[in-house]
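In: Below is the structure, and that's it, no one-letter string:
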């Protein structure tokens, strides 16, 4: 079968156009017979990046810039389309960084790979970055030198100003006076040195004696090191014992005792009670004196004539009080608690000191921390708690509170009599 020359010519033209199309794309770095993936990167600026610029990975070209367009959202950003060989997979979180590929400032894209195990798919968007250009790098290197040069110039200027001030007539006079004073100081130092030399020569024996005494003292201290250590240890243990003494409860007891003494003295000076009347009322004193005389006469008559008083076997004018340990004073708003310990420093509630006692309450007063156990209106219950507390705190005592205020235990116990 024969083809006409027009068919051959048309076939030749088609083949030539195909070869031309392939050759042009090949020269641009786009091989139409190779499978490629397309990725997108968003930059706010591209600093001279052009289409067909290289895309490299570890220095090896894996693709090129396909196109550069503006963001349709009119944000001013640029969208760069990368055409990458499909045989190269790009991990997620990799960065496409615009860099300078040569000294002439030609731009390319360097793919910084991440360690992720998943990869971008075709048409995904990759994170972008821009490397500082040569101008910025030079500026960063030159800026410290510039700052140091400015500081140096300011220092030189200050030095020249100082020299100008020094070289005037007044400053020269001051310098001359200063040198004179320095010479006088040197002369005085020489005199002092001479005096010291004279003292050393005249008091040489005394100085030797002082040095000998110091040596004896040093030897004594060296020979009695063990005794000194014992003394220091005893002082340390004594100071530790003093620091562990509970001063706050003692001071509180002294304050309570002084208050009680004041109350007693007030009652003694008052005419409203028997003791006060005995001390202040002369009439009552005379009557009591007469009564004692009558009692003496009566006792004497009883001794002489006992049969008159046989019908009286005994006389009891006393009065006894009993505490109802099973009673409850909740109606009086009185609460009994057990005082464990007082300390100037705060003790943690989870301290080993309180193990096995239950919930311990902290009460701060008179610049001291007081720790209480129990909270009941029953005296029998607080006694049981007291016995438990004494296993760890032998000095534990019962205290009473009324309406949240500390009161005397004797006053609280009157309600149980």
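Out: Received it, and whenever you're ready, just let me know what you need. Predicted, not measured: the structure shown is a model, and the values here were computed from it.

In: Show me what the strand or helix carrying residue 267 is packed against.
Out: Assigning secondary structure by DSSP states H and E places residue 267 in helix 247-269. Counting contacts by 3 or more Cβ pairs under 8 Å, 6 or more residues apart in numbering; DSSP states H and E, helix 247-269 packs against helix 274-280, strand 334-343. Heads up, the C-betas are built off the backbone N, CA and C, glycines and all.

In: change it to 7 Å
Out: helix 274-280 (3 or more Cβ pairs under 7 Å, 6 or more residues apart in numbering; DSSP states H and E).

In: quick one, the helix holding residue 267 and strand 334-343 angle?
Out: Angle between the axes of helix 247-269 and strand 334-343 is 130 degrees (criterion: axes from the mean of the first three to the mean of the last three Cα atoms, to 10 degrees).

In: which parts of helix 247-269 are buried?
Out: Within helix 247-269, the residues scored as buried using 16 or more other Cβ atoms under 10 Å are 248-249, 252.

In: Tell me where the model's unsure across the stretch 251-400 of the chain.
Out: Within the stretch 251-400 of the chain, the ranges that satisfy pLDDT under 70 run 270-287, 289-290, 293, 303-331.

In: which of the buried residues of helix 247-269 lies closest to residue 38?
Out: Of all the buried residues of helix 247-269, residue 248 has the smallest distance to residue 38: 83.6 Å, by Cβ to Cβ.

In: List the contacts of the closest residue to that closest one other than its chain neighbours.
Out: Leaving aside its chain neighbours, residue 248 sits nearest to residue 368 (3.6 Å; criterion: Cβ to Cβ, 6 or more residues apart in numbering). By Cβ atoms under 7 Å, 6 or more residues apart in numbering, the residues touching residue 368 are 248, 342-344.

In: out of the residues you listed, which are buried?
Out: Among those, those classed as buried by 16+ other Cβ under 10 Å are 248, 342.

In: got the contact list for residue 374?
Out: By Cβ under 7 Å, 6+ apart, the residues touching residue 374 are 336-338, 382, 385.

In: distance of it from residue 362?
Out: As judged by Cβ to Cβ, to the nearest Å, residue 374 and residue 362 stand 14 Å apart.

In: Likewise for residue 126?
Out: With Cβ to Cβ as the criterion, residue 126 and residue 362 are 63 Å apart.

In: Residue 18 too?
Out: Going from residue 18 to residue 362 by Cβ to Cβ gives 96 Å.

In: between residue 126 and residue 362, which one's more packed in?
Out: residue 126 (20 against 12; other Cβ atoms under 10 Å).

In: Surely the more buried one forms part of a strand?
Out: Yes - counting by DSSP: H, G, I helix; E, B strand; the rest coil, residue 126 is part of a strand.

In: List the beta-bridge partners for it.
Out: residue 41 (DSSP bridges).

In: which residues touch it?
Out: Residues in contact with residue 126, defined by Cβ under 7 Å, 6+ apart, are 39, 41, 90, 94, 96, 120.

In: Next, the fifth one: phi, psi?
Out: It refers to residue 96. Torsion angles at residue 96 (phi, psi; degrees, to the nearest 10) stand at phi -100, psi 100.

In: The nearest residue to residue 107 once chain neighbours are set aside in helix, strand or coil?
Out: Nearest residue to residue 107, sequence neighbours excluded (Cβ to Cβ, 6+ apart): residue 49, at 4.4 Å. Following three-state DSSP, residue 49 is assigned to coil.

In: May I have the predicted confidence score for residue 49?
Out: At residue 49, the model reports a pLDDT of 87.

In: That one: neighbour count?
Out: 19.

In: and it, how far is that from residue 99?
Out: 10 Å.

In: got it, and residue 409?
Out: 89 Å.

In: same check, this time on residue 212
Out: 84 Å.

In: Same drill for the two, tell me which one is more crowded.
Out: Between residue 212 and residue 99, residue 99 has the larger neighbour count (other Cβ under 10 Å), namely 18 against 10.

In: The more buried one: what secondary structure?
Out: Residue 99 - assigned by three-state DSSP - is strand.

In: show me the contacts for the residue lying closest to it once chain neighbours are set aside.
Out: Of all residues not flanking residue 99 in the chain, residue 131 sits nearest, at 4.4 Å (Cβ to Cβ, 6+ apart). Counting by Cβ under 7 Å, 6+ apart, residue 131 touches 97-100.

In: ditto for residue 344
Out: Residue 344 touches 248, 368, counting by Cβ under 7 Å, 6+ apart.

In: Okay, domains of the protein per the record?
Out: Here the domain parsing of the chain from automatic domain parsing is 34-131, 251-309, 330-416.

In: Ok, which of these comes nearest residue 232?
Out: domain 330-416 (25.0 Å).

In: before we move on, the earlier item: from the contacts of residue 126, which single one is nearest residue 69?
Out: residue 41 (11.7 Å).

In: was I right about that closest one contacting residue 128?
Out: Yes - shown here, residue 41 and residue 128 form a contact pair, counting by Cβ atoms under 7 Å, at 4.3 Å.

In: Give me the common contacts of the two.
Out: With Cβ under 7 Å, 6+ apart as the test, residue 41 and residue 128 both reach residue 96.

In: what sits up against stretch 177-195?
Out: Contacts for stretch 177-195 (Cβ under 7 Å, 6+ apart): none.

In: Give the buried residues for it.
Out: Using 16+ other Cβ under 10 Å as the test for burial, stretch 177-195 gives no buried residues.

In: same question for that stretch, mean pLDDT?
Out: Across stretch 177-195, pLDDT averages out at 88.

In: Spell out, range by range, the helices that occur in this protein.
Out: 5-27, 134-166, 169-202, 204-223, 225-244, 247-269, 274-280, 282-304, 379-389, 409-413 (DSSP state H).

In: Now find how far off-centre the shortest one is within its chain.
Out: Average the C-alpha atoms of helix 409-413, do the same for its chain, and the two points are 46 Å apart (Cα atoms, centre = their mean, to the nearest Å).
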